[in-house]
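>>> make a model of this:
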Amino acid sequence: MLVKRTVLVVAMSLLASSRPAGAEEAPPGGRDEGFADEFRERAERAWKREQDFQKRFGVSQNEMFRRAMAVGAKEREKERARRDPLAGGPAWVSLGPTYAPPSPTGAGIRTEAPSDSGLVNAIAIHPTDPRTIFVGPAGGGVWRTKDGGSTWVPLTDDVGTTAIGAITIAPSDPKRVYAGCGSGRQSLGANPPGPGLLASADGGDTWKLTASSPGGEFWFLWVSPTDAKTILAGTEKGLSRSTNGGDTW
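A predicted model of the protein is given here:
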């Protein structure tokens, strides 16, 4: 009964407020009483429709509308996820590197203050062990993790260069890793050109510069999937190729 009264009061209030501006008040027993009767009849019909709706569907019209809106929102989310697979996915989590331990030989520059790797220019993932990842920051040397990013170790502190522009792993021989010293992505003058191409034949444990270099600002490196010594390098000098592991280009 409370709901019914509420419907009647709201309906009568809305209809009463619809009287044209400037309309004169009608005397008691006049036109307003006729309006009131009409409003009451309309409200009764609206309440009857609501009752019929609830009998048929088991919920009120407002509840049905709310449910329809919720279903529509879910469908929109599904469509958004279909168009963008990353939408609504897990939040991004920083994997580092966020702390530089001392160099393995004790001669590295990172011995006390914690630091991070800086802007990462390059990433290379081991072809058969996805938990082993190499990253090349613009000013932090080559780093490696063997546990999917939980811990990181700097590998090139003793080589004397820190700006890395590109890294790649040979698919046919994952122990052979190449890193281009000198970043082509930095602003002019932000980092000087690097000394050349670093190569490791033991999975990143030790490094040395190749006999020659295609340039000093690396943009990308690529290794043939069937020949670990065939390399393509994109530098400030253009595209270069080596078929002997970087000794000549």
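
>>> going forward, measure contacts and count neighbours with C-alpha atoms only.
OK.

>>> now the one residue sitting closest to the centre of the chain: how far from R80?
Nearest to the mean C-alpha position of the chain, by C-alpha atoms, centre = their mean, lies W92 at 6.2 Å. Using C-alpha to C-alpha, to the nearest Å, we find W92 at a distance of 19 Å from R80.

>>> quick one: what helix or strand has the residue nearest to the centre of the chain in it?
According to DSSP states H and E, W92 maps onto no helix or strand at all.

>>> same check, this time on L221
Counting by DSSP H and E, L221 is found in strand 218-223.

>>> distance between that strand and the chain's centre?
Distance of strand 218-223 from the chain centroid (C-alpha atoms, centre = their mean, to the nearest Å) equals 25 Å.

>>> can you give me the helices for this structure?
Here the chain has its helices, by DSSP state H, at 2-16, 31-57, 61-83.

>>> rank these by pLDDT, which is bottom?
The minimum mean pLDDT among these belongs to helix 2-16 (a mean of 48).

>>> counting neighbours, what do you get for the closest residue to G149 other than its chain neighbours?
Excluding its sequence neighbours, the residue lying closest to G149 (C-alpha to C-alpha, 6 or more residues apart in numbering) is L95, at 5.1 Å. By other C-alpha atoms under 10 Å, 12 other residues sit near L95.

>>> what do you get for E63?
For E63, using other C-alpha under 10 Å, the count is 12.

>>> beta-bridge partners for L197, please?
According to DSSP bridges, the residues that bridge with L197 are G180.

>>> isn't it up against C181?
Yes. Using C-alpha atoms under 8 Å, L197 is in contact with C181, at 5.9 Å.

>>> can you give me the pLDDT of T111?
45.

>>> and A228, by the same measure?
For A228, the model assigns a pLDDT of 95.

>>> same check, this time on G165
89.

>>> which non-adjacent residue is nearest it?
S183 (3.9 Å).

>>> what's the burial count for that neighbour?
30.

>>> and what of the one 10 residues further on?
By the measure other C-alpha under 10 Å, the count of residues near P193 is 17.

>>> that one and T235 touch, don't they?
No. P193 is beyond contact range of T235, at 10.5 Å (criterion: C-alpha under 8 Å).

>>> now S212: closest residue in space that isn't a chain neighbour?
In space, S212 is closest to D247, 5.3 Å off (C-alpha to C-alpha, 6+ apart).

>>> re the thing from before, what do P193 and T235 both touch?
G216, E217 (C-alpha atoms under 8 Å, 6 or more residues apart in numbering).

>>> how much space between L239 and H126?
Counting by C-alpha to C-alpha, the gap from L239 to H126 is 24 Å.

>>> ok, these two, which is more surrounded?
H126 (19 against 14).

>>> and the nearest residue to G203 once chain neighbours are set aside, backbone torsions?
Distances taken as C-alpha to C-alpha, 6+ apart put K175 closest to G203, at 3.9 Å, once the chain neighbours are dropped. Here is the backbone geometry of K175 (degrees, to the nearest 10): phi -70, psi -20.

>>> K175 against D205, yeah?
No. In this structure, K175 is not within contact of D205 by C-alpha under 8 Å, at 9.5 Å.

>>> picking that back up, need the contact list for the residue nearest to G203.
Here K175 is in contact with I169, S200, A201, D202, G203, G204 (C-alpha under 8 Å, 6+ apart).

>>> same thing but at 6 Å, please
By C-alpha atoms under 6 Å, 6 or more residues apart in numbering, K175 lies in contact with A201, D202, G203.
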